[in-house]
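Student: got a sequence here, can you model it:
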Amino acid sequence: MTPSARNRARPIIPVMLGCLALVTGCSVLEVIDGIGKDTKPAPTAKQQPTPGGPSLPPVPDGSAKAKLRAYYNRKPAEPAEEDPDNPIVGCELRSGTQYMRRHDCTLRGGRALG
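Tutor: Numbering: from 1, shown residues only. This next block holds a predicted model:
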């Protein structure tokens, strides 16, 4: 690169840095201006507990809070009925021996032991 070309390129760098600062600064100001406009006020009404025990206030379906509540309030799963045609066996796989149903062992390409 010749010295004259280098001298012509030098003023471009501060101009580009200035443009970058303006663009970034404008987006930061838009974010700061938008703070507090879209926030919803916290609910103030509380539901009275039912006589059968404490109850939580209803939450719209699909929210994370509703999903967590449903997860923690679910009933434990009942154990599956024992299938005499598909007992739990030792399964010899390439990675070692694991215990699983005979059908699952054959699907994974293992050899049922016992």
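Student: distance between the ends of stretch 70-78?
Tutor: 17 Å (Cα to Cα, to the nearest Å).
Student: going by residue numbers, what spans are helices in the protein?
Tutor: Along the chain, counting by DSSP state H, helices occupy 3-9, 12-34, 64-72, 102-107.
Student: and residue 101, what does it touch?
Tutor: By Cβ atoms under 8 Å, 6 or more residues apart in numbering, residue 101 lies in contact with 83, 86-89. From N, CA and C alone the C-beta is placed, and that goes for glycine too.
Student: can you rerun that using 7 Å?
Tutor: Counting by Cβ atoms under 7 Å, 6 or more residues apart in numbering, residue 101 touches 86, 88.
Student: any idea how far it is from residue 111?
Tutor: 14 Å (Cβ to Cβ, to the nearest Å).
Student: just residue 94 next, same as before
Tutor: According to Cβ to Cβ, residue 94 and residue 111 sit 10 Å apart.
Student: between these two, which one's more packed in?
Tutor: When residue 94 and residue 111 are compared for neighbours, residue 111 comes out ahead with 12 against 7, by other Cβ atoms under 10 Å.
Student: the residue nearest to the more buried one when sequence neighbours are not counted: how many residues sit nearby?
Tutor: Leaving aside its sequence neighbours, residue 111 sits nearest to residue 92 (Cβ to Cβ, 6 or more residues apart in numbering; 4.6 Å). Per other Cβ under 10 Å, the neighbour tally for residue 92 reads 14.
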